[in-house]
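*Asks:* this one's structure only:
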Ligand SMILES: NC(=O)C1=CN([C@@H]2O[C@H](COP(=O)(O)OP(=O)(O)OC[C@H]3O[C@@H](n4cnc5c(N)ncnc54)[C@H](OP(=O)(O)O)[C@@H]3O)[C@@H](O)[C@H]2O)C=CC1
Ligand SMILES: O=CC(=O)O
């Protein structure tokens with residue numbers, strides 16, 4: 001494949017860009033805090049001074065940014081991606097955003113002749129490092145086919161879900177479920193502890209039953225120690241709950257469980273836990 005641009009070297013972007021470099025792709029990176037690109041240079045990346053400079057250099061550019069405001073800013077602001085997008089170039093936004101944000105970006109890119117794919121991912125820091133993400137793509141099918149070699153490095157499975165918005169919506173549904181589960185899990189650990197049970201035994205019991213899952217297994221032991229090293233920052237999980245609730249609102253879907261989970265994540269943010277892992281929502285119960 002041609003050289004790939006990569007905009008946004010946060011927890012996920014860094015792991016993904018390193019993975020592409022490790023598999024022999026040429027990658028040019030940009031990050032708002034440009035100094036964060038230094039580590040990528042050590043892995044063989046080049047650096048672009050602005051999103052526009054990266055787009056100018058690369059046929060395909062991936063973005064992995066925090067939220068809708070960041071995704072829009074990197075495209076539409078001065079020296080943004082839109083300035084250099086033209087026919088023959090592809091823009092792939094892998095950030096978790098809502099369908100409306102994705103549509104705005106799609107329209108802008110395609111109106112300049114470029115092609116656009118939304119491709120949010122399921123899977124966290126470790127799956128990103130291991131190339132085990134689940135990619136939820138939608139938009140330009142030809143672009144999807146062209147970037148399959150990169151997706152095959154980044155993920156274990158790539159879905160093509162049809163029209164723009166479907167990838168964003170699928171991601172929000174998945175993360176709405178995950179956020180609600182994390183709250184139920186936290187309540188369970190606290191209930192076990194306060195009622196005289198060993199929470200470690202609870203983890204063993206859960207792991208052998210019908211609701212065993214990698215998230216409980218991975219996060220549970222650290223949560224019991226009140227340790228939340230950020231893999232998926234809580235502020236992003238709360239953003240996803242907020243966007244999923246808005247999707248529920250649009251479609252008149254009652255979501256009382258998700259709404260309660262969102263309140264807990266908001267509470268956690270108010271306690272200054274936004275940059276901790278989203279499992280830190282546990283602190284809202286144990287305090
Ligand atoms: N972490 C995870 O487990 C997963 C995260 N996601 C999603 O992936 C995306 C990235 O997540 P993650 O890497 O964890 O987040 P981080 O907070 O680690 O990184 C966010 C990135 O966005 C950039 N950014 C933030 N605001 C702006 C802005 N206004 N303009 C330009 N750049 C901006 C940051 O730049 P700077 O360094 O300058 O702050 C940074 O590169 C999010 O949408 C998240 O929901 C999806 C699956 C898993
Ligand atoms: O968006 C987060 C994830 O773990 O997936």
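*Replies:* That came through, no problem. All figures in this text were calculated on a predicted structure; none of them were measured in a lab. Ligands and ions are numbered 1, 2, ... in the order given.

*Asks:* residues contacting the residue of the chain found nearest ligand 2?
*Replies:* Closest residue of the chain to ligand 2, C-beta to the nearest ligand atom: residue 124 (3.8 Å). (C-beta placed from N, C-alpha, C; glycine too.) When contacts are counted by C-beta atoms under 8 Å, 6 or more residues apart in numbering, residue 124 touches 231-232.

*Asks:* which stretches of the stretch 51-200 of the chain form helices?
*Replies:* Along the stretch 51-200 of the chain, counting by DSSP state H, counting those that start in this stretch, helices occupy 51-57, 68-76, 99-111, 125-130, 141-146, 148-154, 166-194, 199-208.

*Asks:* out of the ones you listed, which comes closest to ligand 1?
*Replies:* When those are compared by C-beta to the nearest ligand atom, helix 68-76 sits nearest ligand 1, at 3.4 Å.

*Asks:* What residues sit buried inside that closest one?
*Replies:* 68, 70-72, 74-75 (16 or more other C-beta atoms under 10 Å).

*Asks:* Give me the nearest residue to residue 93, chain neighbours excluded.
*Replies:* residue 63 (4.7 Å; C-beta to C-beta, 6 or more residues apart in numbering).

*Asks:* just to revisit the earlier point, ok, so of the buried residues of helix 68-76, who is nearest residue 229?
*Replies:* residue 70 (22.7 Å; C-beta to C-beta).

*Asks:* these two touch, right, that closest one and residue 95?
*Replies:* Yes. Look at residue 70 against residue 95 with C-beta atoms under 8 Å: they come within range, at 7.1 Å.

*Asks:* Identify the contacts common to the two.
*Replies:* With C-beta under 8 Å, 6+ apart, residue 70 and residue 95 have common neighbours residue 8.

*Asks:* Quick check: closest non-adjacent residue to residue 277.
*Replies:* Per C-beta to C-beta, 6+ apart, closest to residue 277 is residue 228, 4.2 Å.

*Asks:* An error on my part: the question was meant for residue 103.
*Replies:* In space, residue 103 is closest to residue 164, 5.5 Å off (C-beta to C-beta, 6+ apart).

*Asks:* which residues touch residue 192?
*Replies:* Taking C-beta under 8 Å, 6+ apart, we find residue 192 in contact with 198-199, 201-202.

*Asks:* how close does it sit to residue 19?
*Replies:* From residue 192 across to residue 19, the span is 38 Å (C-beta to C-beta, to the nearest Å).

*Asks:* close to ligand 2, is stretch 107-121?
*Replies:* No. Counting by C-beta under 6 Å from any ligand atom, ligand 2 is not contacted by stretch 107-121; separation bottoms out at 6.6 Å.

*Asks:* pLDDT of that stretch, averaged?
*Replies:* The predicted model assigns stretch 107-121 a mean pLDDT of 98.

*Asks:* in it, what's buried?
*Replies:* 108-110, 112, 114-121.

*Asks:* cool, stretch 18-34 as well?
*Replies:* Buried residues in stretch 18-34 (16+ other C-beta under 10 Å): 18-21, 25, 27-31.

*Asks:* Need the phi and psi values for the residue of the chain positioned farthest from its centre.
*Replies:* Farthest-out residue of the chain from its mean C-alpha position, per C-alpha atoms, centre = their mean: residue 196, at 37.3 Å. When read as degrees, to the nearest 10, the backbone of residue 196 gives phi 90, psi 10.

*Asks:* Would you mind listing where the stretch 1-150 of the chain has pLDDT under the threshold?
*Replies:* 1 (pLDDT under 70).

*Asks:* How about the residues of it by ligand 1?
*Replies:* Close to ligand 1, as judged by C-beta under 6 Å from any ligand atom, the stretch 1-150 of the chain has residues 8-13, 31-33, 36, 64-67, 69-70, 73-74, 95-96, 121, 124-125.

*Asks:* change it to 8 Å
*Replies:* 7-14, 31-33, 36, 64-67, 69-71, 73-74, 77, 94-97, 120-125, 128, 133 (C-beta under 8 Å from any ligand atom).

*Asks:* Inside strands: which ones of those residues?
*Replies:* Per DSSP state E, strands hold the following members of these: 7, 121-122, 133.

*Asks:* out of these, who's nearest ligand 1?
*Replies:* Within these, proximity to ligand 1 (C-beta to the nearest ligand atom) peaks at residue 121, which comes in at 5.1 Å.

*Asks:* The closest residue to residue 170 other than its chain neighbours and residue 204: what is the separation?
*Replies:* Of all residues not flanking residue 170 in the chain, residue 136 sits nearest, at 4.7 Å (C-beta to C-beta, 6+ apart). Distance of residue 136 to residue 204, given as C-beta to C-beta: 33 Å.
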